[in-house]
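Trainee: Predicted model follows, preceded by the sequence.
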Protein chains: 2
Amino acid sequence: MSVKIHYFQIRGSVEAARLVLADAGVEFENVPLALADIEEKKELYQFGRAPVLEDSDGTVVSLPGPILRYVAQKHGKAGGSAAEKAKVDSILELVSELRDHYSKMVYDEEFGDDEKKEEVVGKYFDSAFSARLSQLEAILATNNEGAGYFVGGDATAADFAVFDVLDNLTRVKEAALEELPLLGGLKARVAERAAIAAYLSSDKRYTAVNGNQRG
Amino acid sequence: MSVKIHYFQIRGSVEAARLVLADAGVEFENVPLALADIEEKKELYQFGRAPVLEDSDGTVVSLPGPILRYVAQKHGKAGGSAAEKAKVDSILELVSELRDHYSKMVYDEEFGDDEKKEEVVGKYFDSAFSARLSQLEAILATNNEGAGYFVGGDATAADFAVFDVLDNLTRVKEAALEELPLLGGLKARVAERAAIAAYLSSDKRYTAVNGNQRG
C-alpha cells in the first residue's frame, strides 16, 4: 500500500507535506474526498476533519500540522539534533500562523471582489504577513548567511513549508519578496531541487490552491 | 543549569509544558520577562516572542507548540510508537485551536463587561468550544473506554494540554463538562497524579491565567 492523502483536490493545508514526500522520493496517492466521507468513514476521519494521511503501514494521521511533522520525522526532514528539530518546529509554527491569516484573507468576502482585492491584500500584509516574513528573513540569515536552508546543511520541512506559503503569497502580491532577498533565494533553491521540480510539473501538483478556487 | 522558562508571570500558553515538566519530575525555573527583553536579548528571543524555553544543555526553543512538543519528546510524554506520537500530536493541535479561541474570548472587550460576559462565553462555546470538546470526549472514549488517558496506558502531553484547557474553560463556565463525563474524569485523574498535585499547590503555579488578569 502506498501513502494516501485523503483531501480535497487542492494544494491547501497539506501541500507542504506533499512537498516533503516528493523531496524524500516517497510515492503518494491523492485520494479525493467527498464531504460526506468525513461523517461516514469514522475509522479514517478520527478527528472529523481532512486532510488525513494514511501511511503505508496503516498509521492514520489527522490535521495538517501533525501530518507535516509526521512525514518530516519519518523521512529525515525534521532536523538532526534535538536543537535543530526544535528550530524546524518553531519555523513550522510561524508558517502555520502565516497560513491561518492567508486562509482568512482568501475567504474574506472582499478578496473575491476584484475592485477591493488589492486593498485587502495590502491590509493583510500590513497586519500579519510583513512582520512574520521579516522574522523569517532574519532567521534564515542566521544559518549559512542565508545562502542555504533554514536549519543545518540541507532542506527540511521548514524550507518546504516556507516555500509553500511564499508561493501562495507571491501569487496574490507579485512583489511580496522584493525586499526579502534571502527568502526569494530560498524559494528559488527549493523549486530547483530535482525531486521538487519534477513534482511541481507533475499531475500530482493540483492547480487549485484553495477550496473556493481563489488565491 | 536548570530548565528556564522565560515568560510573563502567568499560566498562559506555556502552562501545558510546565505540567509535563512537573509530571516528569524535571526541575524548572520561571524567569519573569519584561517586554523590553524580547527586543534586547536577540540570542534568547530568536523568534521575537515569548515564551522561550532554555533547556539545561543550552538548547533554546521558541513558541508554545514547539516548547510543548520538545519537552514531551525529551521526557517520554509524547507517546510510544510513531502512531501514538501522531495521535498525541493531533490532540495537541485540537487543544491549540481551543486555546486560540479561548484567548480571543478572554481578550474580547465584552468578556470584560460583567453584564455581557455570560453571553460572550455562551457564544464562544457555541461557535468553537462545544464541538471540539465533544470531539475530544469521543477520542478519549476510543482508548481504555475513556477510563484512562488519551493515548496508551499512561499520561502524555495530550492529557496535560487537555487538562489545562479544561481547567480554563471550567473557570469561565462551571458546567462546561456536565455532559462530558469522560473529560471530567480525565481532568480529575490528571489533577490527582502525585507530581501534578504537588505542582498545582506549589508557588510555581501562577495564579494569573492570562496577561490581562481575566479568565
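Mentor: Everything's here; your move. It should be emphasised that the depicted structure is a prediction, and the values quoted were computed from it without experimental measurement.
Trainee: Please identify the buried residues of the lowest-mean-pLDDT helix or strand in chain A?
Mentor: Among the helices and strands of chain A, helix A:35-40 carries the lowest confidence by mean pLDDT, DSSP states H and E, at a mean of 90. By neighbour count, and taking 16 or more other CB atoms under 10 Å in any protein chain shown as the criterion, the buried residues in helix A:35-40 are A:Ile38. (Glycine included, C-beta is placed from N, CA and C.)
Trainee: Output the contacting helices and strands for that helix.
Mentor: If contacts are counted by 3 or more CB pairs under 8 Å, 6 or more residues apart in numbering or on different chains; DSSP states H and E, helix A:35-40 sits against no helix or strand.
Trainee: Now find how far off-centre it is within its chain.
Mentor: Averaged C-alpha coordinates place helix A:35-40 at 24 Å from its chain's average position (CA atoms, centre = their mean, to the nearest Å).
Trainee: ok, residues contacting that helix?
Mentor: Residues from elsewhere that reach helix A:35-40 (CB atoms under 8 Å, 6 or more residues apart in numbering or on different chains): A:His6, A:Leu44, A:Tyr45, A:Gly48, A:Arg49, A:Ala50.
Trainee: Can you list the buried residues in the top helix by length along chain A?
Mentor: Of all the segments assigned as helix in chain A under DSSP state H, the longest by residue count is helix A:82-106. Neighbour-count burial for helix A:82-106, counted by 16+ other CB under 10 Å, picks out A:83-96, A:98-99, A:101-103, A:105-106.
Trainee: do the same with stretch A:64-84
Mentor: Result for stretch A:64-84 [16+ other CB under 10 Å]: buried residues A:64-74, A:77-79, A:83-84.
Trainee: Over to stretch A:123-130?
Mentor: Taking 16+ other CB under 10 Å as the neighbour-count basis, stretch A:123-130 is seen to contain the buried residues A:Lys123, A:Tyr124, A:Phe125, A:Ala128, A:Phe129.
Trainee: same deal with stretch A:53-63?
Mentor: Residues of stretch A:53-63 classed as buried: A:Leu53, A:Glu54, A:Asp55, A:Thr59, A:Val60, A:Val61, A:Ser62, A:Leu63 (neighbour count, 16+ other CB under 10 Å).
Trainee: Next step: those residues restricted to strands.
Mentor: Using DSSP state E to define strands, the subset of these located there is A:Leu53, A:Glu54, A:Val60, A:Val61, A:Ser62.
Trainee: Domain ranges for chain A, per the record?
Mentor: Annotated domains of chain A cover A:3-76, A:82-193 [automatic domain parsing].
Trainee: Which element, helix or strand, includes the residue lying farthest from the centre of chain A?
Mentor: Note on chain A: the largest separation between a C-alpha and the mean C-alpha position, by CA atoms, centre = their mean, falls on A:Glu115 (28.4 Å). Here A:Glu115 is covered by no helix or strand, with elements defined by DSSP states H and E.
Trainee: circling back to that earlier point, now for the ones in strands among the buried residues of stretch A:53-63, which pair is the farthest apart?
Mentor: In these, two members sit farther apart than any others by CB to CB. They are A:Glu54 and A:Ser62, at 10.4 Å.
Trainee: quick one: common contacting residues for those two?
Mentor: Taking CB under 8 Å, 6+ apart as the contact definition, A:Glu54 and A:Ser62 share no neighbouring residue.
Trainee: how about the strands of chain A, start to end?
Mentor: Counting by DSSP E, chain A forms strands over residues A:3-7, A:28-32, A:52-54, A:60-62, given from the N-terminal end onward.
Trainee: Of these, which is nearest chain B?
Mentor: With respect to chain B, and counting by CB to the nearest CB, the nearest of the strands of chain A is strand A:60-62 at 4.3 Å.
Trainee: and that closest one, what's its mean pLDDT?
Mentor: The pLDDT scores in strand A:60-62 average 97.
Trainee: Show me what it is in contact with.
Mentor: By CB under 8 Å, 6+ apart, the list of residues contacting strand A:60-62 from outside reads A:43-47, A:49, A:51-55, A:67, A:70, B:83, B:86, B:89-90.
Trainee: The same query, at a cut-off of 10 Å, please.
Mentor: Contact with strand A:60-62 is made by A:4, A:6, A:17, A:43-55, A:67-71, A:74, B:82-83, B:85-87, B:89-91, B:93-94, B:139, as judged by CB atoms under 10 Å, 6 or more residues apart in numbering or on different chains.
Trainee: Give the pairing partners of that strand; include direction for each.
Mentor: Neighbouring strands of strand A:60-62 in its sheet, by DSSP bridges, are strand A:52-54 (antiparallel).
Trainee: ok, and the closest non-adjacent residue to A:Arg69?
Mentor: For A:Arg69, the nearest residue in space outside its immediate sequence neighbours is B:Asp89; the separation is 6.1 Å by CB to CB, 6 or more residues apart in numbering or on different chains.
Trainee: Check A:Glu43 too.
Mentor: Across the structure, with CB to CB, 6+ apart as the measure, the residue nearest A:Glu43 apart from its sequence neighbours is A:Val60 (7.7 Å).
Trainee: so A:Tyr45 touches A:Tyr7, yeah?
Mentor: No. Assessed by CB atoms under 10 Å, A:Tyr45 is found out of contact with A:Tyr7, at 11.0 Å.
Trainee: where do the contact lists of the two overlap?
Mentor: Joint contacts of A:Tyr45 and A:Tyr7 (CB under 10 Å, 6+ apart) are A:Leu33, A:Pro51, A:Val52.
Trainee: who are the neighbours in contact with A:Ala208?
Mentor: Counting by CB under 10 Å, 6+ apart, A:Ala208 makes contact with A:Phe8, A:Gln9, A:Ile10, A:Arg11, A:Gly12, A:Arg214, A:Gly215.
Trainee: All set, thanks.
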